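Colleague: sequence and predicted model, in that order:
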Amino acid sequence: MPEWIAHPEEWGVAALVAAVAMIGIFVLLRLILGGARSLRGTAAAALPAKQYQRVLLPASPETGYSEEVVSLACRLAGSGGHAAAAIVLTYVIEVPRALAPNAEMPEEEAAAQRVLDEAAASVKRCGLQPIIRIRKARGVLEGTLRAIGEEKADLLVLMVPSGSISPNSPSPAASLTRELARRAPCEVVLARTAAALV
């Protein structure tokens, strides 16, 4: 005779454990199947986007801007239809240590202005007013992080050129993007793009 039949006083406990296990499996299956049905239902209707008040788009000689990234930033800033939402276009010029931190750099400043003007035109086509800032810093990373704080940005949109999407990419733009995404004190959106407007 099997050993478990020899102890009928334990049958009740075994039956209770089996019943609880079956109920648990049934509830778990209902949750999984119900969740899958609810996900199918939301695929057609987009979830409401968070409403960002101040979106920062940084640029530098390594990154520039692209039309699709500016358009994405506009959608994120204008998702709630807020007239107060702002797109801050900032271009960081890296000042060599041999120069004073606020040294005149006319060629770099003119190039920065051209890039910002082109991006500002894209923002205006989206129906928003851009805020344009040329900044100088010892490093682009330092200047961008400072801009986030000074502008009180609640979203940072970073452009990731398609060739530098790999986390191990040695390119300066990829390294800068990784560090900004890691250290930014606000939410970050990484936008992949084919090419930059420089």
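Modeller: Ah, there it is. Residues are numbered from 1 along each chain as shown.

Colleague: what segments of the chain are helices?
Modeller: For the chain, the helices defined by DSSP state H occupy 11-44, 67-77, 106-125, 140-151, 172-183.

Colleague: please identify the deepest-packed of those helices.
Modeller: Mean neighbour count (mean count of other C-beta atoms under 10 Å) peaks for helix 67-77 among those, with a mean of 21. In this view, the C-beta of every residue, glycine as well, is placed from N, C-alpha and C.

Colleague: which strands or helices does it pack on?
Modeller: The contact analysis (3 or more C-beta pairs under 8 Å, 6 or more residues apart in numbering; DSSP states H and E) places helix 67-77 against strand 54-59, strand 86-94, helix 106-125, strand 155-161, strand 187-193.

Colleague: pLDDT (mean, whole number) over that helix?
Modeller: Helix 67-77 carries an average pLDDT of 86.

Colleague: just to revisit the earlier point, any chance of the helices of the chain in TSV, plus distance to Arg97?
Modeller: Output for the helices of the chain, formatted as TSV (distance: least, C-beta to C-beta, whole Å):
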stretch	distance to Arg97
helix 11-44	53
helix 67-77	31
helix 106-125	15
helix 140-151	12
helix 172-183	18
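
Colleague: wait, which of those helices is closest to Leu89?
Modeller: Minimum separation from Leu89 across the helices of the chain (C-beta to C-beta) falls at helix 106-125, 5.0 Å.

Colleague: picking that back up, would you mind giving the helices and strands packed on helix 67-77 as TSV with mean pLDDT added?
Modeller: Putting the helices and strands packed on helix 67-77 into TSV (pLDDT from 0 to 100) gives the following:
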stretch	mean pLDDT
strand 54-59	91
strand 86-94	94
helix 106-125	93
strand 155-161	84
strand 187-193	84
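
Colleague: before we move on, back to that, so for Ala59, which of the helices of the chain sits nearest?
Modeller: Distance to Ala59, taken as C-beta to C-beta, is lowest for helix 106-125 among these, at 5.8 Å.

Colleague: roughly how far is that closest one from the heart of the chain?
Modeller: 23 Å (C-alpha atoms, centre = their mean, to the nearest Å).

Colleague: and the angle for that helix with strand 86-94?
Modeller: 160 degrees (axes from the mean of the first three to the mean of the last three C-alpha atoms, to 10 degrees).
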